[in-house]
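J.: with the sequence up front, the predicted model follows.
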Amino acid sequence: MEQIPEVSEESPEAEWERFGKELFVLKEKLNDLIIAKKGENWGEIFFNIPSEFAKKLLSEFKDCHQYYAYHILLESSTSYEKSPKLDFPEPFSVKTFIQNKIEELNQQDPE
């Protein structure tokens, strides 16, 4: 008799933690690439890339502060209780935005 493997469901809090760790790693990679690729101009770009996208999110979603991805994008702190939602739907996903910026920067020559 074939046994069906158990499917362990992740608690919402555990999923929130896992998502945060994954997105934080991507955000750090983006930060490192900005510094490496943009030379002396890194500071302005370092802050403008996330803040411009955050402004776009604020114009589309009045509940931005309830999304964990929003806080990771802006490197602000939050808690599961305050921000239980993970990421925005496409085309506003912070994870996709960061991945696209990483790809874009990887294709550029250092300044």
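T.: Here it is on my side, so go on.

J.: list the contacts of the lowest-mean-pLDDT helix or strand in the chain.
T.: Of all helical and strand segments in the chain, the minimum by mean pLDDT, DSSP states H and E falls on helix 42-60, at a mean of 86. Helix 42-60 is contacted from outside by 30-31, 34-35, 38, 64, 67, 70, 73-75, 88, 92, 94, 97, 101, using Cβ atoms under 8 Å, 6 or more residues apart in numbering. To be clear about C-beta, it is placed using only N, CA and C from the backbone, and glycine gets the same treatment.

J.: list the buried residues in whichever strand or helix holds residue 25.
T.: Element membership of residue 25, judged by DSSP states H and E, is helix 12-38. The neighbour-count check on helix 12-38 (16 or more other Cβ atoms under 10 Å) flags 16, 19-20, 23, 26-27, 29-31, 33-34, 37-38 as buried.

J.: repeat that for stretch 37-46.
T.: Neighbour counts over stretch 37-46 (16+ other Cβ under 10 Å) mark 37, 38, 42 as buried.

J.: using CSV, list the CA coordinates for that stretch.
T.: Provided in CSV are the C-alpha atoms of stretch 37-46 (Å, rounded to 0.1, in the frame of the first residue of the first chain):
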residue,chain,number,x,y,z
LYS,A,37,28.3,49.4,-10.1
LYS,A,38,27.6,53.1,-9.4
GLY,A,39,30.9,54.2,-7.9
GLU,A,40,30.7,57.7,-6.4
ASN,A,41,27.0,58.0,-7.3
TRP,A,42,25.9,55.1,-5.3
GLY,A,43,24.4,57.0,-2.4
GLU,A,44,21.8,58.9,-4.4
ILE,A,45,20.9,55.8,-6.4
PHE,A,46,20.9,53.6,-3.2
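
J.: measure how far it is from the centre of its chain, please.
T.: From the chain centre to the centre of stretch 37-46 is a distance of 19 Å (Cα atoms, centre = their mean, to the nearest Å).
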